[in-house]
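Engineer: requesting a structural model of the entry that follows:
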Amino acid sequence: MRINGNAIRPGNIIEHNGRLWRVAKIQHTQPGKGGAYLQAEMKDIRDGTKLNERFRAAESVEKVRLDKRSSSFSSPTIFFRKD
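Structural biologist: So this is what the prediction gives:
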């Protein structure tokens, strides 16, 4: 499901630059010059690297929903799908 930049909330999982990110913190900023934007601190799902990214309201990102399913593997498996 695509959402616009100002609809991002902490705890959301988004796909950005081909990777899955969990949004940790957000801050709405309206500078004196130029348009408003949302500053998001995100953490990569796989390796834990952090990224600070700015999103404008006109930009859209892919929101991902993670599903946890039990399986017969030796460890739990996490699947993701795009809505």
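Engineer: ok, what's across the strand from the most centrally placed residue in the chain?
Structural biologist: Nearest to the mean C-alpha position of the chain, counting by C-alpha atoms, centre = their mean, stands residue 14 at 2.9 Å. Counting by DSSP bridges, residue 14 forms beta bridges with residue 21, residue 63.
Engineer: quick check: closest non-adjacent residue to residue 55.
Structural biologist: residue 5 (3.2 Å; C-beta to C-beta, 6 or more residues apart in numbering). For glycine as for every other residue, the C-beta is placed from the backbone atoms N, C-alpha and C.
Engineer: now do the buried residues in whichever strand or helix holds residue 28.
Structural biologist: Per DSSP states H and E: residue 28 is located in strand 19-29. Going by neighbour count (16 or more other C-beta atoms under 10 Å), the buried part of strand 19-29 is 20, 21, 22, 23, 26.
Engineer: can you list the strands that whichever helix or strand comes after that strand pairs with?
Structural biologist: Once strand 19-29 ends, the next helix or strand along the chain (criterion: DSSP H and E) is strand 37-44. Neighbouring strands of strand 37-44 in its sheet, by DSSP bridges, are strand 19-29 (antiparallel), strand 50-55 (antiparallel).
Engineer: ok, which of those comes nearest residue 64?
Structural biologist: strand 19-29 (6.1 Å; C-beta to C-beta).
Engineer: which other residues reach the closest one?
Structural biologist: Residues outside strand 19-29 that contact it (C-beta atoms under 8 Å, 6 or more residues apart in numbering) are 6, 8-15, 36-46, 50-51, 64, 80.
Engineer: for stretch 10-17, same thing?
Structural biologist: With contacts defined as C-beta under 8 Å, 6+ apart, stretch 10-17 is touched by 8, 20-26, 42, 45, 51, 53, 61-66, 80, 82.
Engineer: could you do stretch 32-40 as well?
Structural biologist: The contact list for stretch 32-40, computed with C-beta under 8 Å, 6+ apart, reads 5-6, 8, 23, 25-30, 52-57.
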